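Q: here is the input, now give the coordinates:
(chains A and B)
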Number of protein chains: 2
Amino acid sequence: MDRRKASKTGYRFRLSLPATSANLGPAFDAAAIAMDFRLHIDAWPADEFSIRATGRDQAVCETVENHLILKTYSEVLQNAGKKIVPLQLRIENEIPIGKGCGSSAAARVAGIALAVRFGRLGWKEAQIIGEASRREQHPDNASACWMGGLTVARMSGEAEAQVVCIRPKGKWPLLLAIPEQSLSTEKARLALPQTYSRADAVVNVQNAMLLLTAFMQGRPDLLPSALQDRIHQPYRAPLCPLLPALEPVTGRDGILGVALSGAGPSVLIFVDPRASISKVRKVVSGEICKAQLRAELLDTKITTRGARAV
Amino acid sequence: MDRRKASKTGYRFRLSLPATSANLGPAFDAAAIAMDFRLHIDAWPADEFSIRATGRDQAVCETVENHLILKTYSEVLQNAGKKIVPLQLRIENEIPIGKGCGSSAAARVAGIALAVRFGRLGWKEAQIIGEASRREQHPDNASACWMGGLTVARMSGEAEAQVVCIRPKGKWPLLLAIPEQSLSTEKARLALPQTYSRADAVVNVQNAMLLLTAFMQGRPDLLPSALQDRIHQPYRAPLCPLLPALEPVTGRDGILGVALSGAGPSVLIFVDPRASISKVRKVVSGEICKAQLRAELLDTKITTRGARAV
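A: This next block holds a predicted model:
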């Protein structure tokens, strides 16, 4: 079936899914935000699987074998006892892969959404997020990817996530520093200790609550201290050299604080909405150079648009 | 100076401070609520210290020696290099002492407020809360006592607390089960382990954030799971037999969940605003009897009125 025909007969399905940033300092494995750069997908039934991709990581995006979207799509249909309808995909990708920006969550959510659509599974939101969270082994990115805004999530069963969605008050400009090398979430998780002192656990509970209040009440002034984390960032810093390089910029020229984006290696920089973003870019670039590192700097912000059919 | 004259000349100072309940399940050492039963104080300068007390724990309240309000008052004035003005106090106390309802925070905040007033210290809110938090060794009760509503707090220096105050959305009826025996916070703290697994630390971060969202968005439905704690309650249960006795009532007849009030031994019961409070009382009484325990049941609610001069 060619694309034009598919579109006319309603077979064509368009999806757009946001990049996401999980952990947000102290909110480790608990919260994430959706950001305004996305994975766009057009899909329609075909005789065999094929992909045309443009944008970031084009080679990975258009390799049919072991493709995370198609693999998820096929597995979900198979588990539901449905026929696997081959699809032709057109992908336009803005999310860097393997850099802590939720590329795998977006791909898995996309695969599930395609399966729900073309397999007529009739799944509800909770089931889609739950399935994606189970596959991701944590619910934060998947929840923020599906719902947009800021989400707080926890698994409440094998494949069930309990999720709340918050619309942050006010403006939350962000700068994302993305290094060249990627880092697997598995490797980043192996760097974490098995136990924590009571003081460390308590600091993260306090700061995670202060951070959530900052977003809900529109209080960027709380971020410099509320972003402090003792559960994952201190242990991942050696794997993510941008983090220790950028931590000292907090408080300079409207920089509210920095946090690892997901498991890293990218670093999320929270910017005072009244600050000059070009000045912030200059300060951040300078620190990265000084540490003899390299990174792409991406202007972004929190988006309330989740993963919805277009 | 007699009382009538003091009142007329403006020397008389009236204070009213709410009871508070800290920890709220997962928000250990991080959050507290103010409740609508209070410590009322009338104070005016006199030739020597004297107290007249009515209400709960009258004997403790009117013993001048080692009196927590007067001790705090005198120490704060002394540390500020001010003359200690003897006071005549009239106390009407509704807060049970040593039961996890913030009696010591109310007494310390009162002592500081009296010192600020009669010593003309000119302290601001942050300094008053900071001083009370330092004396309490944690900022949660002191913050909620001063500000009312729900507070999230952390120490950010020796005697400085960072506090945010939240007005919970909707109605939050509570039932407080208060046992006869008291429990010292020190003893309750000694029951806690020094380290926690990563899983336990993460569950508390997730639940504390979900709990805060529940209060801010008016979502009582989130409480049954969001109140689950792994940092303090499991270890304090042997010292606070009401907790394990009441935990099974969650979900019955509009009971949203239970939590230790502060370090215990009282238990805070969150009640669905649509539920019949008399039915809830009956269920709770039944469980307490079944466990061969005794407790007073107090109807209360979250109050937004903090400790202000009347």
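Q: mind checking pLDDT for the closest residue in space to residue A:305 that isn't next to it in sequence?
A: The spatially closest residue to residue A:305, leaving aside those adjacent along the chain, is residue A:148, at 5.0 Å (C-beta to C-beta, 6 or more residues apart in numbering or on different chains). (C-beta placed from N, C-alpha, C; glycine too.) Confidence per residue is given as pLDDT, and for residue A:148 that number is 97.
Q: residues contacting residue A:148?
A: Contact partners of residue A:148, counting by C-beta atoms under 8 Å, 6 or more residues apart in numbering or on different chains, are A:18, A:34, A:165, A:303-307.
Q: of these, grab the buried ones for ChimeraX.
A: The following ChimeraX command selects only the buried members of the contacts of residue A:148, with burial defined by 16 or more other C-beta atoms under 10 Å in any protein chain shown:
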select /A:18,34,165,303,306,307
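Q: thinking again about what came up before, roughly how far does the residue nearest to residue A:305 sit from residue A:116?
A: Counting by C-beta to C-beta, to the nearest Å, the gap from residue A:148 to residue A:116 is 18 Å.
Q: okay, now residue A:215: neighbour count?
A: One way to gauge burial is a neighbour count; for residue A:215, by other C-beta atoms under 10 Å in any protein chain shown, it gives 24.
Q: what about it, distance to chain B?
A: Plainly put, residue A:215 is 10 Å away from chain B if you go by C-beta to the nearest C-beta, to the nearest Å.
Q: secondary structure class for that residue?
A: Three-state call for residue A:215 (DSSP: H, G, I helix; E, B strand; the rest coil): helix.
Q: who are the contact partners of the nearest residue to it once chain neighbours are set aside?
A: By the measure of C-beta to C-beta, 6+ apart, the closest residue to residue A:215 outside its immediate chain neighbours is residue A:168, 4.2 Å from it. By C-beta under 8 Å, 6+ apart, the residues touching residue A:168 are A:33, A:149-150, A:215-216, A:218, A:302.
Q: Validate this expectation: residue A:168 resides in a helix.
A: No: in this structure, residue A:168 is coil, not part of a helix, as judged by three-state DSSP.
Q: quick check on it: phi, psi?
A: Residue A:168 has phi and psi values of phi -60, psi 140 when expressed as degrees, to the nearest 10.
Q: same check on the one 5 residues further on?
A: Main-chain torsions, residue A:173, degrees, to the nearest 10: phi -70, psi 150.
Q: again with residue A:270
A: Its backbone dihedrals place residue A:270 at phi -90, psi 130, with angles given as degrees, to the nearest 10.
Q: contact residues of chain A facing chain B?
A: A:26-31, A:152-154, A:156, A:162, A:164, A:166, A:192-198, A:200-210, A:212-213, A:216-217, A:219, A:222, A:225, A:231 (C-beta under 8 Å from any C-beta of the partner chain).
Q: buried ones from these, can you make that a PyMOL selection?
A: The PyMOL selection below is limited to those of the residues of chain A next to chain B classed as buried (16+ other C-beta under 10 Å):
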select buried, chain A and resi 26+27+28+29+30+31+152+153+154+162+164+166+196+198+200+201+202+203+204+205+206+207+208+209+210+212+213+216+219+222+225+231
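Q: among the residues of chain A next to chain B, which ones are in strands?
A: The strands, defined by DSSP state E, take in A:31, A:152-154, A:156, A:162, A:164, A:166, A:195-197 from those.
Q: export those residues to a markdown table and append columns for distance to residue B:47.
A: Shown next, in a markdown table, are these (distance: C-beta to C-beta, whole Å):
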| residue | distance to residue B:47 |
| --- | --- |
| A:31 | 58 |
| A:152 | 58 |
| A:153 | 63 |
| A:154 | 61 |
| A:156 | 64 |
| A:162 | 62 |
| A:164 | 59 |
| A:166 | 57 |
| A:195 | 58 |
| A:196 | 55 |
| A:197 | 51 |
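Q: just flag the most distant two among those.
A: A:166 and A:195 (30.6 Å; C-beta to C-beta).
Q: for the residue lying closest to residue A:167 once chain neighbours are set aside, give me its contacts.
A: Take residue A:167 and drop its neighbours on the chain: the residue closest to it by C-beta to C-beta, 6+ apart is residue A:149, 5.0 Å away. Contacts for residue A:149 (C-beta under 8 Å, 6+ apart) come out as A:33-34, A:165-168, A:302-304, A:306.
Q: rebuild those residues as a markdown table, extending it with distance to residue B:134.
A: Formatted as a markdown table, the entries for the contacts of residue A:149 read as follows, by distance: C-beta to C-beta, whole Å:
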| residue | distance to residue B:134 |
| --- | --- |
| A:33 | 35 |
| A:34 | 40 |
| A:165 | 38 |
| A:166 | 33 |
| A:167 | 37 |
| A:168 | 33 |
| A:302 | 36 |
| A:303 | 42 |
| A:304 | 41 |
| A:306 | 44 |
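Q: tell me which of the residues you listed is nearest to residue B:265?
A: residue A:166 (34.8 Å).
Q: returning to what we had before: just give me the closest of the contacts of residue A:148 to residue B:262.
A: Out of the contacts of residue A:148, the one with the shortest distance to residue B:262 is residue A:165. That distance is 31.6 Å, counting by C-beta to C-beta.
Q: thinking again about what came up before, confidence score at the residue nearest to residue A:215?
A: Residue A:168 is assigned a predicted lDDT (pLDDT) of 96.
Q: quick one, what contacts the nearest residue in space to residue A:46 that is not next to it in sequence?
A: By the measure of C-beta to C-beta, 6+ apart, the closest residue to residue A:46 outside its immediate chain neighbours is residue A:88, 3.9 Å from it. Under the criterion of C-beta under 8 Å, 6+ apart, the contact partners of residue A:88 comprise A:3, A:43-46, A:49-51.
Q: restricted to strands, list the residues you listed.
A: The strands, defined by DSSP E, take in A:43-45, A:50-51 from the contacts of residue A:88.
Q: most neighbours among those residues, please name it.
A: For the ones in strands among the contacts of residue A:88, neighbours tallied by other C-beta under 10 Å; top is residue A:43, 26 neighbours.
Q: against chain B, how distant is it?
A: Using C-beta to the nearest C-beta, one obtains 34 Å as the distance from residue A:43 to chain B.
Q: test my guess that that residue contacts residue A:89.
A: Yes: Residue A:43 lies in contact with residue A:89 (C-beta atoms under 8 Å); the separation is 5.2 Å.
Q: and the strands in chain A?
A: Along chain A, the segments classed as strands by DSSP E run A:13-22, A:31-45, A:50-55, A:87-93, A:150-157, A:160-166, A:173-179, A:195-197, A:255-260, A:267-271, A:295-301, A:308-309.
Q: in JSON lines: these, plus distance to residue B:282.
A: Shown next, in JSON lines, are those (distance: least, C-beta to C-beta, whole Å):
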{"stretch": "strand A:13-22", "distance to residue B:282": "45"}
{"stretch": "strand A:31-45", "distance to residue B:282": "39"}
{"stretch": "strand A:50-55", "distance to residue B:282": "63"}
{"stretch": "strand A:87-93", "distance to residue B:282": "59"}
{"stretch": "strand A:150-157", "distance to residue B:282": "30"}
{"stretch": "strand A:160-166", "distance to residue B:282": "30"}
{"stretch": "strand A:173-179", "distance to residue B:282": "52"}
{"stretch": "strand A:195-197", "distance to residue B:282": "42"}
{"stretch": "strand A:255-260", "distance to residue B:282": "49"}
{"stretch": "strand A:267-271", "distance to residue B:282": "50"}
{"stretch": "strand A:295-301", "distance to residue B:282": "52"}
{"stretch": "strand A:308-309", "distance to residue B:282": "47"}
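Q: nearest to residue B:73, of the ones you listed?
A: Proximity to residue B:73 (C-beta to C-beta) singles out strand A:195-197 among those, at 35.7 Å.
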